[in-house]
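A.B. asks: Provide a 3D model corresponding to the input given below.
(2 chains)
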Amino acid sequence: MGNITLAGIDLELWDGGDGSPLLFLHGAGGFRPTDEFVDLLGHHRQVVAPSHPGFGASSLPDWMDRPDDIAHLYLALLDRLGHARLDVIGCSLGGWIAAELATMAPERIRRLVMVGPVGMKLGGRETLDIPDIFAMPASAVEKLLYHDPDRHRPDLTKLSDEQLAVMLRNRETTALLAWEPFMHNPKLRHRLHRVRCPALFLRGESDGLVSAAYLEGYAALLPNARIATLADAGHVPQQEQPAAFVDAVMSFLNA
Amino acid sequence: MRAWHFSETAYHLLPPAETYESIRVSLPNRNYDPRIGADLYHRYLDEWLLAEDEGMEIMLNEHHQTATCVDPAAPLMLAALARQSSKARLLILGNPIANRRQPVRVAEEMAMIDVLSRGRLEAGFVRGVPYEISPANSNPVRMNEREWEALDLIVKAWTNHDGPVSFEGRFFHNRQINIWPRPWQQPHPPIWISTTSPGGAARVGDRGYVQATFLTGYDGTKRIFDSYRAAWRDAGRGAHVPNDRLAYAALVYTGATQAEAYAGAEKLLWYVTSNKVPPHFAAPPGYLPIEAGVRMLRGAEHPLSAFAKSASVEGAIAAGIMMAGTPDQVEAQVRKVYDHVGGFGHLLIMGQAGFLEHDETVAGIRMFAREVYPRLKEW
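C.D. replies: As a prediction, this is how the structure comes out:
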């Protein structure tokens, strides 16, 4: 992982793989270059993956508290790296950031992949669109996150203090960004109509956070979006089904 | 030393603890009978007024969505006491200002109570315990920053007397601040802050506000008070730190005999043992510093949670979180904590909890006020 300083923010940046560039925006769990899907994607594309401010080793300035703050920063990142237009993948919270970025500069995105994205409010005011993960035990959260929680539960005894600190910090920054309005920006749904690039909305069929109806409603706000589902995967399909995930992404990006 | 009678106005008539996940945040309020609740409110108010009659001061606090403390709007209770009492100091500890959206409104409430009580308000402020996050829908991240900015805004609202002024902070914005009434006490009511960490105490000491700490025992309290004193001196407030800047809250029950006292003290332990709260409410993300979170993931436990698992009167006395016994014993126990931590000027007495009935509560207050308090006043 390298580092880049932008607007006074130290950003941890992964840059690997070969091919045309692709911006990967990670979810609430952070970015781990050792994940299998990163290697698989890198066979096809140059993967540019910043750790969002407050995640991984990236700093968090005190003025930042919403995903659109991060989207603004990534416009500066694309300027710095010289990417006038590229493909973007956003997962979960990263999907929210990608949506904000797309509404700010739709012309800079060639194709957009949204994986279990949050950021939208579609249902009524009496019902949460996304379950309140901060008001339930970890054992309940992992059931919403994973198709097979037993395979993906971290063994805390094997993690270093530094790794635990990153895990806690990622969670803290997620709370900061997504607390209120919970997991959404009410303005976003009125802005997405300008995002005319081809978009793929991808969801693990066991995703307990982002429902099928939510994904469909979200995708319907973009004029050129389609939907796909990955079997035997939950909210983090890139981890649970890395090969199927990369196949689905690449067939869309290469279409 | 000043002694304060403190009650959390609990609603203790609950189903067995194993039938619910949490006594806070999520326990359905169908378990609360408003008719019983009304009786309890009046009873607790009577106990405060009786403590005043016995020469003690009055303290109350605020929590939300919990049976442990059914006082979600402490300024309302304090307003009733401001009208009904006549001489006691009135300490609210405190206003959870990291969770209040309008600090100027808090300044107004406190100014009203100060005027209504003719200058008897002691205005306490807290960040708010972690279980207050969900009831307030308040972001658990950057709470300290919000608390201190809110306090600055409140002091500004209290001390400005010449027409509207403005405030544009990181979290709070007001363009026309000009509160009516202004406080009775000048330049403003005494400010208290509670914290249970040395880092927090340093900030309070730097400002010279009154520092209160709750059930932190011998060594925890010493660390907090030492940190306060160091910061006080570093801020150039003088080498001597007056004891009236420091307050310690403990469970206290005084009886004619040790057996009688321990029977009352046993019931006070409910304050510690009833606090069944799952981790997702007790440790929301961002509430604890990252390093403390890592220690918890490695199995560290909050000292009070560890204590609650095998709570006993003897254990609580040994830990310095309880004083119970005959007047001589209670005096000696207070003295032992007092000497260990370098002295303090306020003893905040949790004198009622859970199943301690009215008569028992009154007996404990009276025995303390008549037999122990006169000796402590000399310290």
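
A.B. asks: what does the stretch 51-200 of chain A have sitting close to chain B?
C.D. replies: A:62-63, A:65, A:134-138, A:156, A:161, A:164-165, A:168-169, A:171-176, A:179-180 (CB under 8 Å from any CB of the partner chain). Any C-beta I mention is one placed from the backbone N, CA and C, and that applies to glycine too.

A.B. asks: and those residues, which of them are in helices?
C.D. replies: Judged by DSSP state H, helices contain the following of these: A:138, A:161, A:164, A:165, A:168, A:169, A:171, A:172, A:173, A:174, A:175, A:176.

A.B. asks: which of these count as buried?
C.D. replies: The neighbour-count test (16 or more other CB atoms under 10 Å in any protein chain shown) marks A:164, A:165, A:168, A:169, A:171, A:172, A:173, A:174, A:175, A:176 as buried among these.

A.B. asks: close enough to count as contact, residue A:149 and residue A:142?
C.D. replies: Yes - the pair residue A:149 and residue A:142 qualifies as a contact (CB atoms under 8 Å) at a distance of 4.2 Å.

A.B. asks: Go through stretch A:106-126 and flag the buried ones.
C.D. replies: Under the neighbour-count criterion of 16+ other CB under 10 Å, stretch A:106-126 has A:106, A:108-109, A:111-122 buried.

A.B. asks: what number of residues lie near residue A:55?
C.D. replies: A count of nearby residues for residue A:55, using other CB atoms under 10 Å in any protein chain shown, gives 28.

A.B. asks: That one belongs to a helix, doesn't it?
C.D. replies: No - judged by DSSP: H, G, I helix; E, B strand; the rest coil, residue A:55 forms no part of a helix; its state is coil.

A.B. asks: That one and chain B, how far apart?
C.D. replies: According to CB to the nearest CB, to the nearest Å, residue A:55 stands 13 Å off from chain B.

A.B. asks: Ok, residue A:207 next?
C.D. replies: Counting by CB to the nearest CB, the separation of residue A:207 from chain B is 21 Å.

A.B. asks: picking that back up, just flag the most distant two among the buried ones among the ones in helices among the residues of the stretch 51-200 of chain A next to chain B.
C.D. replies: A:164 and A:176 (18.7 Å; CB to CB).

A.B. asks: List just the nearest of the buried residues of stretch A:106-126 to chain B.
C.D. replies: Nearest to chain B among the buried residues of stretch A:106-126: residue A:121, at 15.1 Å, using CB to the nearest CB.

A.B. asks: The closest one against residue A:189, yeah?
C.D. replies: Yes - using CB under 8 Å, residue A:121 makes contact with residue A:189 at a distance of 7.1 Å.

A.B. asks: pLDDT weak spots in the chain?
C.D. replies: By default, I'm working from chain A. Chain A contains no residues with pLDDT under 70.

A.B. asks: hmm, I had chain B in mind actually
C.D. replies: Looking at chain B by pLDDT under 70, you get an empty list.

A.B. asks: Residue numbers of it in contact with chain A?
C.D. replies: So chain B meets chain A at B:25-26, B:134, B:137, B:139-142, B:145, B:170, B:278-281, B:284-286, B:290-291, B:293-294, B:297-298 (CB under 8 Å from any CB).

A.B. asks: Check those residues for burial and list the buried ones.
C.D. replies: Judged by 16+ other CB under 10 Å, buried ones among the residues of chain B next to chain A: B:25-26, B:134, B:139-142, B:278, B:280-281, B:284-286, B:290, B:293-294, B:297.

A.B. asks: all strands of the stretch 151-255 of chain A, in order?
C.D. replies: Secondary structure of the stretch 151-255 of chain A by DSSP state E, counting those that start in this stretch: the strands cover A:199-204, A:225-230.

A.B. asks: Most tightly packed of those strands?
C.D. replies: For these, the largest average neighbour count (mean count of other CB atoms under 10 Å in any protein chain shown) is found in strand A:199-204, namely a mean of 26.

A.B. asks: Look at residue B:204 and tell me its secondary structure.
C.D. replies: Going by three-state DSSP: residue B:204 is helix.

A.B. asks: That one: what's it in contact with?
C.D. replies: Taking CB atoms under 8 Å, 6 or more residues apart in numbering or on different chains, we find residue B:204 in contact with B:193, B:195, B:210, B:211, B:228, B:231.

A.B. asks: now the most centrally placed residue in chain B, what's its secondary structure?
C.D. replies: Residue closest to the mean C-alpha point of chain B, counted by CA atoms, centre = their mean, is residue B:93 at 4.4 Å. State at residue B:93, reduced to three classes by three-state DSSP: strand.

A.B. asks: ok, now which ones touch it?
C.D. replies: Counting by CB under 8 Å, 6+ apart, residue B:93 makes contact with B:59, B:60, B:61, B:122, B:124, B:126, B:192, B:194, B:212, B:348.

A.B. asks: Mind telling me what element the fourth one is part of?
C.D. replies: Translated: residue B:122. strand B:121-126 (DSSP states H and E).
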